[in-house]
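1. Sharing a model that was predicted from the sequence below.
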Amino acid sequence: MDKRISLQDAVSKVKDGMVVMVGGFLGAGSPTAILDALAESGVKDLTLICNDTAYPDVAHGKLITNKQVKKLIVSHIGTNPNTSEQMNSGELKIEFAPQGTLAERIRAAGAGLGGVLTTTGMGTVVAEGKETVTVDGKTYLLEKPLKADVALIGATVADENGNLVYVGTTQNFNPLMATAADLVIAEAEKVVKVGEIAPEAVHTPAMFVDYIYSK
């Protein structure tokens, strides 16, 4: 099955109010063409799950600049001043998660787990309002899974069925997010015929990927 779709079709899958995961790190390894088009689409009230908010004019940072996002679940925002401005003004709700915890919460959703236990964030604002669990006399925060309606991920190579290979920065959050959303759209730098990717080289199997876009 050839899962390739147009850029317009990819963007049309994202609707107002959806929870959207975006892979990459500061825009590196992100599906930038899809994000650029999404920034022009007028879609609004999104909840973004991402490591960061890139830069004001880069990748999903454009969605922040355009005020298309109502909530963020994120590790850090220091590289995009528009994010902190909207947070301080009350326009944007932000839930901060330590980077490793963020990754583990996404992994937990993909693996069907009820959450992960960690001591990271204990005694800080990260722990406010969260349940704790005691195991062998040690107390942990219960960090619940993060799942999305749509995951927008970047890959280096895809085949027509949706098997993905990640190289370099495309490994940042993309493999995890591919398992943790109801709908997964991959933007690939290159698409090859089925059989051209060695089975042992596949990082994300086609069963996780619904659609592929490539320039």
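-> Noted; the coordinates are in hand.

2. Ramachandran coordinates for the residue of the chain positioned farthest from its centre?
-> Centroid-distance maximum for the chain: residue 137 at 34.7 Å, with CA atoms, centre = their mean. The phi/psi pair for residue 137 (degrees, to the nearest 10) reads phi 80, psi 0.

3. how about the strands in this structure?
-> Ranges of strands in the chain, per DSSP state E, are 19-22, 46-50, 69-74, 93-96, 116-118, 132-135, 138-143, 148-159, 164-165, 181-192, 211-213.

4. quick one: which of these is nearest residue 4?
-> Taking CB to CB, strand 211-213 is the member of the strands of the chain nearest to residue 4, at 5.0 Å. (Glycine included, C-beta is placed from N, CA and C.)

5. Against which helices or strands is the closest one packed?
-> If you count contacts as 3 or more CB pairs under 8 Å, 6 or more residues apart in numbering; DSSP states H and E, strand 211-213 packs onto helix 7-12, strand 181-192.

6. low pLDDT regions in the chain?
-> Regions of the chain meeting the criterion pLDDT under 70 are absent.

7. In this structure, which helix is the longest?
-> Using DSSP state H, we find that the single longest helix of the chain is helix 99-111.

8. which helices and strands sit right next to that helix?
-> Secondary elements touching helix 99-111 (3+ CB pairs under 8 Å, 6+ apart): strand 116-118, strand 138-143, helix 174-177.

9. okay if I get the ones you listed as JSON lines plus distance to residue 93?
-> As requested, the helices and strands packed on helix 99-111 are exported to JSON lines (distance: least, CB to CB, whole Å):
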{"stretch": "strand 116-118", "distance to residue 93": "23"}
{"stretch": "strand 138-143", "distance to residue 93": "18"}
{"stretch": "helix 174-177", "distance to residue 93": "21"}
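
10. Go through stretch 13-32 and flag the buried ones.
-> Across stretch 13-32, burial judged by 16 or more other CB atoms under 10 Å covers 13-14, 18-27, 29-32.

11. how near is residue 157 to residue 215?
-> For residue 157, the distance to residue 215 (CB to CB, to the nearest Å) stands at 14 Å.

12. Looking at these two, which one has more neighbours?
-> Taking neighbours as other CB atoms under 10 Å, residue 157 and residue 215 compare with residue 157 leading, 21 against 9.

13. hmm, back to that, tell me which of the helices and strands packed on helix 99-111 lies nearest to residue 51.
-> Nearest to residue 51, of all the helices and strands packed on helix 99-111, is helix 174-177, at 10.1 Å by CB to CB.

14. Show me what that closest one is in contact with.
-> Helix 174-177 has contacts (CB atoms under 8 Å, 6 or more residues apart in numbering) with 21-24, 29, 49, 103, 106-107, 110, 148, 151, 153-155, 166, 184, 203-204.

15. next one: that helix to chain centre, how far?
-> Averaging C-alpha positions (CA atoms, centre = their mean, to the nearest Å) puts helix 174-177 7 Å from its chain's average.

16. before we move on, what about stretch 125-134?
-> Using CA atoms, centre = their mean, the offset of stretch 125-134 from its chain centre is 24 Å.

17. One more: stretch 127-144?
-> For stretch 127-144, the distance to the chain centre is 25 Å (CA atoms, centre = their mean).

18. Identify the residues contacting that stretch?
-> Residues from elsewhere that reach stretch 127-144 (CB under 8 Å, 6+ apart): 97, 101, 104-105, 108, 114-122, 126.
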